[in-house]
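A.B. asks: Here is my input; please provide its structure:
(one chain, ligands or ions: 1)
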Amino acid sequence: MPGTLFRLELRPQIPPALSRLSDLASNLMYSWDRDIRGVFWRLDKDLWRACGNNPKLFLRRVSQAVLEAAADDDDFLQDYHGALAAYDSYLAADAKPAVLAHLQPGQDLIAYFCAEFGLHESLPIYSGGLGILAGDHCKAASDLGLPFVAVGLLYREGYFIQTIDGVGRQVATPQTANFDELPIRLARDATGNELRVAVPIADRIVQLRIWQADIGHIPLYLLDSDLPDNSEADRSITFQLYGGNTDTRIQQEIVLGVGGVRALRALGVAPSAWHINEGHAAFLILERVREQVARGLDFDSALENVAAGTVFTTHTPVPAGHDIFHHAQVQWFFQQLLPHYGADEARVLALGADGHGETRFNMTALALRGSRHHNGVSKIHGGVASTMERSLWPQITPAENPIGSVTNGVHLHTFIARAWTQLFHDSLRGWRNQLLDIDYWQRIDEIPDHRFRAVRRQLKRDLLIDIVERIERQHRRNELPEALIAQATQHLRTHDTRTLVLGFARRFATYKRATLILRDPARLSRLLNDAQRPAILIFAGKAHPKDQPGQDLIRQLHEMSLRPEFIGRLFMVEGYDMLLARNLVQGCDVWLNNPEYPMEASGTSGEKAGINGVVNVSVMDGWWAEGYQPEPQQNGFAIVPVLDPNIRDAEEARQLLDLLEREVVPRYYGADGDGYSAEWLRLSRNSMKSLIPRFNSSRQVMDYVRGYYAPASAAARRLDADDAAQARELAAWKQRVRQAWPGVSMRLAQTPSSVVAAGERLRLLVDVELNGLDARDLVVECRVGRLDAHNQFVVQQVVTLAVDDGRWRADVEPLCGLQHYQIRAYPHHRAQAHRFEMGLMIWL
Ligand SMILES: *Cc1c(COP(=O)(O)O)cnc(C)c1O
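C.D. replies: Next up, the predicted model:
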């Protein structure tokens, strides 16, 4: 190209009649409200897509003529005013009664910290499930009117744009954002000045800017170190999501944790509870300890006070998902902060000890020690996390330690198709207020078959049109022969909505086993190429740029997709993002998920699919172990995990293909072979009925409100009252108990009888060597139960022994037959958040 190509952006003037378009463009409510997106889309559909569905950018590029015409177009104005009225009334709405039953706006406020937020493709600061989950959490918090703010980082490079080259290599192109094209603005103080905070990192002071994104009611504050006042190196701290090495990571996490607390203080935001969503944000604990020490508390009391109001959610059993730093890194990067925690360095470093090495500083361990409310993200994962982290409560069994679970959900409005919401508008009036009502959703059955089927067909057609375009673009760029491209899209070209469409899209981490279905390629080829009952299989997903095995999977799938037996039947589509994710989870017929049990934690893409009537075929792990229903209300298909690693892949691949051949294909096509048989519609309806009210993020956020945010807020207030009297008392008590505990012991003061007659009671008398503790400092309890078929002790009743005159006694009324019992003692203090939080227990 000769000469320089100069850039000129001609900015339109928005006509007064449309002046509030910029309001609609600046609140991320557009990420779930399709009427708002529709307003922009209608103005100029091609430009809308060219701008990556980004309304702010769109408003800069749209032509003056288009705007002038729209300002005169009554139909357009009607839609515009409709969207605006809904926008205004949403923002004016108060907190929902369900929230007010637990939290008090004005007093309670939740601060939610996460390293990534996936709200919409126009704000690319997410990489995968964790980010989308955080975004959905904020959206549901907004829907519910929760008093809530979120804190994250603003990455200039965000996550990469993925292309796949002609030989199947993933090409990761950094996506450099222009901040004034993003739906964010600078946070300012009361006098209109830009707010900044400073954070000491290593031997420097790093300045941070605070940006604000609005998610409905919820402000999301994003920190950014890219300021001229900072050195080049410091400017780049927040450049890349999960980029760089562990030095970059620890600095990013200081910005998030320490900078995030300082930002909220500068903004005048006073949280009652702090939610650490995954360990990346756990340094917020240290910063709050520093604040407490500065106000006069000792280290232990400060930690109690902070932990009481802190919630920590752990998200993955995969070790690489947990940040581990070296002590030397903490010492170097916290050199200015370490002297301010009111404790010697060794004690601060010990907060990150995980028992796997003397010099490891584990962010998950810090988060657990600095919070009193912890959870995993499904029932299975709660159990896995309890076991992984058992060393923090050494004398407590994992089943009883304080790690609980809240199963992830998805933001319904973001992920459910417009065609469904239009249909609900006619058939299920008021549905938006019924997200927590399981019975209400039985009404999905009232939608007539022909309308239900029409929506499913339309969504599939939309998807196929999109996939053709994407595949053509991808293959043309890679200069594949046109004949081959035509072959690759031949079965999509017809926009034939009869063919069964299977989808698999998520991050390409190896434990998710994207290629499991290809273990028996000949069998898969027969399945896809069946002349009467064909199927196509669509893959999409990014592998982390440093994950070579993950990228190998992409290459394998790409190669397979061009083989004669798979071409036109199997696709590896590049550029997975929230937009492609939405299209896939709405348009496929079947959603596949086959992680290695129990690595999935929760998984959410199957939930997105299920709420759209897509039928899940999935390993019984994470959310699906709770969501799957067999007949008579069958809502999908279950692959039963095989535990022996030697045969697992082969066995589970066989189960998967068996299910597809014997269940999915025949049921989908039905007797007449047309697809969407009555039987299939039943599965699809059951999927929506059962999953919509149970796996949406309003349910999830309400679980946090009840089980975590309300108790954490109340506990923090209690401990902090009267100059933190209870925090100090609890810290001193724990110190006393910890010292005395090794010398505490129990014995039976008299041998209890081993046979009692009906109507008689078992008399227990126990002596405790208190080693200086007070009798009130512990609980002695008897657990009565029976042995089950596997010789496991099943507790049926628990009796607390009463102390009287230095002896603990109880008269236990046994149930019947052969019973067993155990006697145990553990420390007790009324200010503890969990009765086993000290991790101490002795058994008789
Ligand atoms: C939902 C979603 C995910 C998470 O999918 P999983 O099945 O839980 O792995 C990842 N990326 C995007 C873009 C999503 O929308």
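A.B. asks: wouldn't Gln655 be in contact with Val640 here?
C.D. replies: Yes - the criterion here is CB atoms under 8 Å, and Gln655 meets it with Val640 at 6.8 Å. No exception for glycine: its C-beta is placed from N, CA and C like everyone else's.
A.B. asks: quick one, which of the two is more surrounded?
C.D. replies: Set Gln655 next to Val640 and count neighbours by other CB atoms under 10 Å: Gln655 wins out with 19 against 10.
A.B. asks: any idea of the pLDDT on the more buried one?
C.D. replies: Looking at Gln655, its pLDDT reads 98.
A.B. asks: who touches it in this structure?
C.D. replies: If a contact means CB atoms under 8 Å, 6 or more residues apart in numbering, then Gln655 has 639-640 as its contacts.
A.B. asks: what's the lowest-mean-pLDDT helix or strand in the chain packed up against?
C.D. replies: Scoring the helices and strands of the chain by mean pLDDT, DSSP states H and E places helix 490-493 at the bottom, with a mean of 86. Other helices and strands packing on helix 490-493, by 3 or more CB pairs under 8 Å, 6 or more residues apart in numbering; DSSP states H and E, are helix 449-477.
A.B. asks: Minimum distance to the ligand, which residue of the stretch 101-250 of the chain gives it?
C.D. replies: The nearest approach of the stretch 101-250 of the chain to the ligand comes at Gly129, 3.4 Å away (CB to the nearest ligand atom).
A.B. asks: give me the number of residues near the closest residue to that residue other than its chain neighbours?
C.D. replies: The shortest distance from Gly129 to any non-neighbouring residue, by CB to CB, 6 or more residues apart in numbering, is to Thr604 (5.8 Å). Residues near Thr604, counting by other CB under 10 Å, number 29.
A.B. asks: Within range of the ligand, give me the residues from the stretch 101-250 of the chain.
C.D. replies: 128-129, 132 (CB under 6 Å from any ligand atom).
A.B. asks: dump the residue contacts of Lys546.
C.D. replies: Lys546 makes no contacts at all, as judged by CB under 8 Å, 6+ apart.
A.B. asks: For the ligand, see how far away it is.
C.D. replies: Taking CB to the nearest ligand atom, to the nearest Å as the measure, Lys546 falls 18 Å from the ligand.
A.B. asks: Same question for Leu59.
C.D. replies: From Leu59 to the ligand the distance is 25 Å (CB to the nearest ligand atom).
A.B. asks: residue ranges for the helices of the stretch 1-150 of the chain, please.
C.D. replies: 21-26, 34-43, 45-50, 55-61, 64-71, 74-92, 97-100, 129-144 (DSSP state H, counting those that start in this stretch).
A.B. asks: how about the helices of the stretch 151-300 of the chain, start to end?
C.D. replies: So, for the stretch 151-300 of the chain - with DSSP H, counting those that start in this stretch - the helices run 232-235, 246-254, 260-267, 283-294, 299-308.
A.B. asks: Quick one: the ones you listed as CSV, columns for mean neighbour count and mean pLDDT too.
C.D. replies: As requested, those are arranged in CSV below (neighbours: other CB atoms under 10 Å; pLDDT from 0 to 100):
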stretch, mean neighbour count, mean pLDDT
helix 232-235, 15, 97
helix 246-254, 20, 97
helix 260-267, 22, 97
helix 283-294, 22, 98
helix 299-308, 25, 98
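A.B. asks: The longest helix along the chain - what's its average pLDDT?
C.D. replies: When the chain is parsed with DSSP state H, its longest helix is helix 710-740. The pLDDT scores in helix 710-740 average 98.
A.B. asks: now swap in stretch 90-101 and tell me
C.D. replies: Per-residue scores along stretch 90-101 average to 95.
A.B. asks: before we move on, what about stretch 795-809?
C.D. replies: For stretch 795-809, the per-residue pLDDT averages 92.
A.B. asks: Show me which residues of stretch 649-656 are buried.
C.D. replies: Buried residues in stretch 649-656, counted by 16 or more other CB atoms under 10 Å: 649, 651-656.
A.B. asks: Repeat that for stretch 662-678.
C.D. replies: Buried-residue list, stretch 662-678, by 16+ other CB under 10 Å: 664-665, 667-670, 675-677.
A.B. asks: do stretch 804-811 as well
C.D. replies: By neighbour count on 16+ other CB under 10 Å, the buried set for stretch 804-811 is 808-810.
A.B. asks: and of those, the nearest to the ligand?
C.D. replies: Of all those, Ala810 has the smallest distance to the ligand: 48.1 Å, by CB to the nearest ligand atom.
A.B. asks: Apart from its chain neighbours, what residue comes closest to the closest one?
C.D. replies: Per CB to CB, 6+ apart, closest to Ala810 is Leu801, 4.5 Å.
A.B. asks: pretty sure that neighbour is in contact with Ala775, am I right?
C.D. replies: No - counting by CB under 8 Å, Leu801 does not reach Ala775; the two are 10.8 Å apart.
A.B. asks: what about the two, which has more around it?
C.D. replies: Neighbours were counted for Leu801 and for Ala775 using other CB under 10 Å; Leu801 has more, 21 against 14.
A.B. asks: Okay, that one and the ligand: tell me how far apart.
C.D. replies: Distance from Leu801 to the ligand, counting by CB to the nearest ligand atom: 47 Å.
A.B. asks: Leu47 versus that residue, what's the distance?
C.D. replies: 75 Å (CB to CB, to the nearest Å).
A.B. asks: shaky segments in the stretch 451-600 of the chain?
C.D. replies: Scanning the stretch 451-600 of the chain for pLDDT under 70 picks out 494-495.
A.B. asks: For it, which residues are neighbours of the ligand?
C.D. replies: 506-507, 577-578, 581.
A.B. asks: Skip ahead from the least confident helix or strand of the chain and say which helix or strand is next.
C.D. replies: strand 500-505 (DSSP states H and E).
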